[in-house]
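> No sequence on hand, only this structure:
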Ligand SMILES: [Zn+2]
């Protein structure tokens with residue numbers, strides 16, 4: 001999985017959630033198959049912090065179960081950096097938990113949301129493409 005693809009309406013669901021979380025970081029899960037997102041699942045940031053996030057465990061678990069019931073895999077984890085930076089922070093690297101999924105970081109620039117995807121391990125990260133395009137027929 002070298003990229004993620006979201007539909008325009010999924011992207012809208014995602015950034016609306018992040019907007020609702022301001023000034024705190026918002027977060028959630030992306031379910032799908034082979035890089036194509038099929039479910040955007042917001043999760044409460046239990047830290048209620050502007051610089052860190054931790055998904056509320058019970059909601060996270062409920063969403064994992066939903067994905068499994070729908071035959072989807074966890075392919076991405078998204079969270080916002082309301083005040084930057086536009087890439088994983090030192091805290092993100094230190095608290096990295098899920099190998100094999102793309103981390104999507106969203107931030108605001110001139111009043112609109114931007115996003116980038118990253119592969120991470122516990123030490124470093126590398127950018128991968130995130131595309132916004134309508135579902136293939
Ligand atoms: Zn972060």
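On my side now, so go ahead. A quick note: this is a predicted structure, and the numbers were derived from the prediction, not measured. Numbers count the residues shown, from 1 in each chain.
> By proximity to the ion, which residue of the chain wins?
residue 92 (4.1 Å; C-beta to the ion). Bear in mind the C-beta positions are built from the backbone N, C-alpha and C, glycine included.
> thought that residue was touching residue 103?
Yes - Residue 92 lies in contact with residue 103 (C-beta atoms under 8 Å); the separation is 7.1 Å.
> low-confidence ranges in the protein?
135-137 (pLDDT under 70).
> mind listing the helices for it?
8-21, 57-69, 90-94 (DSSP state H).
> Dump these to CSV, plus mean neighbour count and distance to residue 45.
Formatted as CSV, these follow (neighbours: other C-beta atoms under 10 Å; distance: least, C-beta to C-beta, whole Å):
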stretch, mean neighbour count, distance to residue 45
helix 8-21, 17, 7
helix 57-69, 14, 10
helix 90-94, 13, 13
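> So which of the ones you listed is nearest residue 112?
For the helices of the chain, the distance to residue 112 is smallest for helix 8-21, at 8.5 Å, taking C-beta to C-beta.
> Which strands and helices lie in contact with the closest one?
With contacts taken as 3 or more C-beta pairs under 8 Å, 6 or more residues apart in numbering; DSSP states H and E, helix 8-21 sits against strand 36-43, strand 73-80, strand 102-109, strand 112-120.
> so which of these gets nearest residue 18?
strand 73-80 (4.3 Å).
> What lies in contact with that closest one?
1, 4, 14, 18, 21, 25-33, 35, 37, 45, 53, 64, 67, 98, 101-107, 113, 115, 117 (C-beta atoms under 8 Å, 6 or more residues apart in numbering).
> between it and helix 57-69, how many degrees?
With axes from the mean of the first three to the mean of the last three C-alpha atoms, to 10 degrees as the basis, strand 73-80 and helix 57-69 are set at 140 degrees to each other.
> so what sits against both of residue 92 and residue 103?
Common neighbours of residue 92 and residue 103 (C-beta under 8 Å, 6+ apart) are residue 120.
> Save the helices of the chain as a markdown table, and put in distance to residue 124 too.
Below are the helices of the chain laid out as a markdown table (distance: least, C-beta to C-beta, whole Å):
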| stretch | distance to residue 124 |
| --- | --- |
| helix 8-21 | 25 |
| helix 57-69 | 25 |
| helix 90-94 | 7 |
